[in-house]
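Student: Take this sequence and fold it.
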Amino acid sequence: MATTINKQRALNLLLASDLAESEERGEPLPVLEQFIFALCRENATPEQARAAFENLRTKFFDWNEVRVSSVKELEEAMAGLSDTERRAQRLVSFLQEVFETTFSFDLESVAKKGLKQAGKALTRYGAASDYVASWVVQRTLGGHAVPLDAASLRCVRRLGLLDAATEDLEAARASLEHSVPKAKGAAFTDALANLAERYCWEDDPQCGGCPLASECAVGQEATGETAGSRMARTKPR
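Tutor: Prediction:
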């Protein structure tokens with residue numbers, strides 16, 4: 001089990017690396033658009049998500065046209081993402097639910113509820129997931145939330161930032177939110193995404209070039225280095 005010191009060292013190294021480059025955050029998207037972006041972003045790379053989201057915004061007249069379009073049309077617009085059929089179905093379901101509730105495509109009223117109530121309101125949508133709700137809270141509502149998808153969980157477990165025994169997603173997120181400063185939340189999320197995309201693949205991880213290999217059990221095994229061997233090195237005179 002990783003010690004608190006080891007976790008903090010791995011976290012500091014991750015946030016100090018070029019992996020923590022911004023995902024072009026700039027001005028936050030409105031709540032509804034951020035929710036849709038999160039549907040694209042979950043279990044996808046930043047580049048894949050941006051491409052799919054821009055296709056949805058440019059290939060359709062407005063969100064109502066997206067709502068009434070066929071799943072097949074939306075799948076084509078979201079090409080490059082995994083499981084496009086399910087994503088398209090979730091998108092249509094979400095837009096339909098919003099329209100039936102508000103008779104518009106504006107969810108800015110959610111932002112006025114306060115963070116706790118806003119988070120709950122987001123999770124009530126059938127298309128929502130813990131990742132989607134956390135992403136919107138972090139990126140648009142200004143709250144402290146760490147969205148976790150499969151790739152992010154793989155990275156934090158390998159780095160020892162999350163105990164292997166922590167299986168519950170909400171508990172995992174709470175643990176990381178306790179360790180990661182709020183001001184670094186978005187950078188942390190971006191860093192995990194870049195780490196997963198460039199090095200920390202599920203199969204055949206590219207540990208040799210990974211700047212976090214020395215803090216990762218998988219990386220240490222791949223490079224033949226262990227924490228003990230690092231400590232045993234003779235210091236240069």
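Student: C-alpha from now on. contacts and neighbour counts both.
Tutor: Noted.
Student: What does the pLDDT read for Val137?
Tutor: Per-residue pLDDT puts Val137 at 96.
Student: got it, and the one 4 residues further on?
Tutor: What the model reports as pLDDT for Leu141 is 96.
Student: mind checking how far stretch 95-109 is from the chain centre?
Tutor: 24 Å (Cα atoms, centre = their mean, to the nearest Å).
Student: which parts of it are buried?
Tutor: Neighbour counts using 16 or more other Cα atoms under 10 Å place Leu95, Gln96, Glu97, Val98, Phe99, Phe105, Leu107 of stretch 95-109 among the buried residues.
Student: which one of the residues you listed is nearest Leu15?
Tutor: Proximity of the buried residues of stretch 95-109 to Leu15 (Cα to Cα) peaks at Leu107, which lies at 32.3 Å.
Student: my guess is the closest one meets Gln34, correct?
Tutor: No. Applying Cα atoms under 8 Å as the test, Leu107 and Gln34 come out as separate, 10.2 Å apart.
Student: Ramachandran angles for Ala79?
Tutor: Per-residue torsions, Ala79: phi -50, psi 140 (degrees, to the nearest 10).
Student: contacting residues for it?
Tutor: Ala52 (Cα atoms under 8 Å, 6 or more residues apart in numbering).
Student: And it, how close does it get to Gln48?
Tutor: 9 Å (Cα to Cα, to the nearest Å).
Student: Quick check: the gap between Phe94 and Gly119.
Tutor: Phe94 is 16 Å from Gly119, by Cα to Cα.
Student: How about Leu176?
Tutor: According to Cα to Cα, Leu176 and Gly119 sit 17 Å apart.
Student: and if you look at Ala10?
Tutor: Look at Ala10 and Gly119: by Cα to Cα, they are 29 Å apart.
Student: cool, and Asp106?
Tutor: As judged by Cα to Cα, Asp106 and Gly119 stand 16 Å apart.
Student: Please parse this structure into its domains.
Tutor: Domains of the chain are assigned by automatic domain parsing as 1-23+148-237, 31-139.
Student: ends of the last one, how far apart?
Tutor: Start to finish, the residues bounding domain 31-139 are 9 Å apart (Cα to Cα).
Student: Distance from the chain centre to it, please.
Tutor: The answer for domain 31-139 is 14 Å, by Cα atoms, centre = their mean.
Student: so how many other residues sit close to the closest residue to Ala172 other than its chain neighbours?
Tutor: Counting by Cα to Cα, 6 or more residues apart in numbering, Ala172 lies nearest to Thr166, which is 6.1 Å off, once chain neighbours are set aside. Using other Cα atoms under 10 Å, Thr166 is surrounded by 13 other residues.
Student: On the three-state scheme, Thr166 is what?
Tutor: Recorded secondary structure, Thr166: coil (DSSP: H, G, I helix; E, B strand; the rest coil).
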